[in-house]
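Visitor: curious how this folds, go ahead:
(chains A, B, C and D)
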2 protein chains.
Amino acid sequence: MRQPAGRSARRTGGERKPREERWAELIEVATQVFYEKGYEAASLQDIADRLGMLKGSLYYYIQSKEDLLFDVISAVHREGLSVIQARADTEGDPLQRLENVIVGHVEHTCRNLVPTTVFLHELSALPPERRQEVLGSEHAYQGVFRGLIELAQKEGLVRADVDPRLAALSVLGATNWVYRWFRPGGEFTPEKIGAQMAEMVIRGIASEKVLSARVAGQA
Amino acid sequence: MRQPAGRSARRTGGERKPREERWAELIEVATQVFYEKGYEAASLQDIADRLGMLKGSLYYYIQSKEDLLFDVISAVHREGLSVIQARADTEGDPLQRLENVIVGHVEHTCRNLVPTTVFLHELSALPPERRQEVLGSEHAYQGVFRGLIELAQKEGLVRADVDPRLAALSVLGATNWVYRWFRPGGEFTPEKIGAQMAEMVIRGIASEKVLSARVAGQA
DNA sequence: CCTACCGATCGGTAGG
DNA sequence: CCTACCGATCGGTAGG
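Guide: Numbering: from 1, shown residues only, chains lettered A, B, ... in the order given. You can find the predicted model right below:
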């Protein structure tokens, strides 16, 4: 995040790692510890122990425990957002793109279960300003879903009585909730979950026009 | 929970309340404090202060901080479950009952936002055995949704390619997520949220048969 | 002055 | 319920 330029001094043990590598390890370990214990219950001692470092030495890398949480959360949010934005910008009608976004979001969640869990569960542990800094004042994530639904509605692909914001929040709920029950190697693969959720959602909001076209297309 | 018979010692202020009443106040205050700060970040000192009591005196009522969390969580879970079970057992076809359950669940969540938030957010702070004690080994909550979907599927009201467990988890996700964004007095009423979510879900999983009957019924 | 930490301890607070 | 505390550990910082 900030630390000084790595002007390597005399090395003592020979095992000293470059600061960028060590920083990456720190973030990885912090993510894991926050996942296992929750942010508040996790101690810097836990993290330092796993790194083979003394607790106080963490302050060479950070200024506060909160810095670690912020970093974990903003990284996974940034990645997830870029995944769904890329899929939202593909070709196809807005409903096809929404389907694509849902699948991508679910698969990203399943494949990044640990950091995603920290993001979704510990976001509330950040002070409001930093929380907003992560999410963006426009709620970028929610906006991608809502934007596609609004577009689809204007094109007559979504029923007129659907509220796009409420629909977006429903979709986000169903898909985000996956972090609470998905287990790798379990009954459901990320692909299966993504596909069924997308299907449910599209059918749930689609206009008659779209539905009859679907039936015709499948028959 | 267990505490000794109210052997009133010397009364100083003359304002001593009966222990049951005081217990209810304690649970209410604890719920609020856990809601505001999160369970781990909340201290017994916070709770004692709001009750006008010393921290150590809380141990006249409880044996551990965890007891308070367990009580808050199991109470709201029990109430919510009874709401949806009652609605699941009404008359009508399974799909109509599912709709009824969804509406009831959403409305209960919105009207009990504080304890529900503690339940959904802090369940993971309970040790596994007590967590299981609350949820039941059969996952009673999820089971109500899944059971109705399975029944509806057997009657041909739900598409054959829908996995009832995945569908139940999707519905629970969309509806539970409400605790993250619902604000009393905001744009959406509990009724509106419940109604639209139920509509989306039913259309999302219903068979062609049901959908064409719906269209005919509304026309 | 710097890097890369260490050993020790700060003021407070946790559950009990 | 209060008074008077405990063992330990919390996040964070000191000088070297």
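
Visitor: what's the longest helix along chain A packed up against?
Guide: Counting residues, the longest helix found in chain A (DSSP state H) is helix A:65-88. With contacts taken as 3 or more CB pairs under 8 Å, 6 or more residues apart in numbering or on different chains; DSSP states H and E, helix A:65-88 sits against helix A:19-37, helix A:94-111, helix A:113-122, helix A:128-135, helix A:140-154. (Each C-beta comes from the backbone N, C-alpha and C, glycine too.)

Visitor: between these, which gets nearest to B:P115?
Guide: Counting by CB to CB, B:P115 lies closest to helix A:113-122 out of the helices and strands packed on helix A:65-88; the figure is 18.4 Å.

Visitor: wait, does that closest one contact chain B?
Guide: Yes - contact between helix A:113-122 and chain B, assessed by CB under 8 Å from any CB of the partner chain, occurs at A:H121.

Visitor: and for stretch A:125-136?
Guide: Yes - interface with chain B: stretch A:125-136 contributes A:A125 (CB under 8 Å from any CB).

Visitor: picking that back up, the helices and strands packed on helix A:65-88: which one's closest to B:V72?
Guide: B:V72 sits nearest to helix A:113-122 of all those, at 18.1 Å, using CB to CB.

Visitor: ok, residues contacting the closest one?
Guide: Outside of helix A:113-122, the residues within contact range by CB atoms under 8 Å, 6 or more residues apart in numbering or on different chains are A:31-32, A:34-35, A:38-39, A:69, A:72-73, A:75-77, A:80, A:108-109, A:176, A:179, A:182, A:184, B:121, B:124.

Visitor: just stretch A:145-156 next, same as before
Guide: A:84, A:88, A:93-95, A:97-98, A:101, A:158-160, A:162, A:164-165, A:167-168, A:171-172, A:205, A:207, A:209.

Visitor: repeat the analysis, applying 6 Å as the threshold.
Guide: By CB atoms under 6 Å, 6 or more residues apart in numbering or on different chains, the surrounding residues in contact with stretch A:145-156 are A:94-95, A:97-98, A:158, A:164-165, A:167-168, A:171, A:207.

Visitor: most neighbours among those, which one?
Guide: The most crowded member of the contacts of stretch A:145-156 is A:V171, carrying 31 neighbours; neighbours defined as other CB atoms under 10 Å in any protein chain shown.

Visitor: shouldn't A:Q45 be in contact with A:K55?
Guide: Yes - in this structure, A:Q45 is within contact of A:K55 by CB atoms under 6 Å, at 5.0 Å.

Visitor: what residues go with each domain of chain A?
Guide: A:19-62, A:68-218 (automatic domain parsing).

Visitor: chain center to the first one: distance?
Guide: Pointing back at domain A:19-62 there. 21 Å (CA atoms, centre = their mean, to the nearest Å).

Visitor: A:A140 and chain B, how far apart?
Guide: For A:A140, the distance to chain B equals 15 Å [CB to the nearest CB, to the nearest Å].

Visitor: report how many residues lie close to that residue.
Guide: Residues near A:A140, counting by other CB under 10 Å: 15.

Visitor: leaving out sequence neighbours, find the closest residue to it.
Guide: A:L81 (5.7 Å; CB to CB, 6 or more residues apart in numbering or on different chains).

Visitor: now A:Q32
Guide: Counting by CB to CB, 6+ apart, A:Q32 lies nearest to A:V114, which is 6.4 Å off, once chain neighbours are set aside.

Visitor: quick one: that neighbour from B:G173, how far?
Guide: With distances taken as CB to CB, to the nearest Å, A:V114 is found 19 Å from B:G173.

Visitor: for these two, indicate the residue with more neighbours.
Guide: Remark: of A:V114 and B:G173, B:G173 carries more neighbours, 22 against 16, as counted by other CB under 10 Å.

Visitor: check contacts around A:A88.
Guide: A:97, A:101, A:144.

Visitor: among the helices and strands packed on helix A:65-88, which comes closest to DNA strand D?
Guide: Closest to DNA strand D of the helices and strands packed on helix A:65-88, according to CB to the nearest atom of the strand: helix A:19-37, at 9.4 Å.

Visitor: is the closest one positioned near DNA strand C?
Guide: Yes - Helix A:19-37 lies in contact with DNA strand C when judged by CB under 7 Å from any atom of the strand; the contacting residues are A:19, A:22.

Visitor: wait, does the helix or strand just after that helix contact chain B?
Guide: Using DSSP states H and E, the next helix or strand after helix A:19-37 towards the C-terminus is helix A:44-51. No - residues of helix A:44-51 are not located near chain B by CB under 6 Å from any CB of the partner chain, the shortest gap being 13.5 Å.

Visitor: for helix A:44-51, C-alpha coordinates in PDB please.
Guide: Output of helix A:44-51 as PDB, limited to C-alpha atoms (Å, rounded to 0.1, in the frame of the first residue of the first chain):
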ATOM      1  CA  LEU A  44      -2.600  -9.900  15.100                       C
ATOM      2  CA  GLN A  45      -0.800 -12.500  17.200                       C
ATOM      3  CA  ASP A  46      -2.600 -15.300  15.200                       C
ATOM      4  CA  ILE A  47      -1.500 -13.700  12.000                       C
ATOM      5  CA  ALA A  48       2.100 -13.100  13.100                       C
ATOM      6  CA  ASP A  49       2.300 -16.700  14.400                       C
ATOM      7  CA  ARG A  50       1.500 -18.100  11.000                       C
ATOM      8  CA  LEU A  51       4.000 -15.900   9.300                       C
END
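
Visitor: closest residue of chain A to DNA strand D?
Guide: Nearest residue of chain A to DNA strand D, counting by CB to the nearest atom of the strand: A:G56, 2.4 Å away.

Visitor: that's a helix at that residue, yeah?
Guide: Yes - counting by DSSP: H, G, I helix; E, B strand; the rest coil, A:G56 is part of a helix.

Visitor: what number of residues lie near it?
Guide: As a measure of burial, A:G56 has 9 neighbours, counting by other CB under 10 Å.

Visitor: can you give me the pLDDT of it?
Guide: Note on A:G56: pLDDT of 85.
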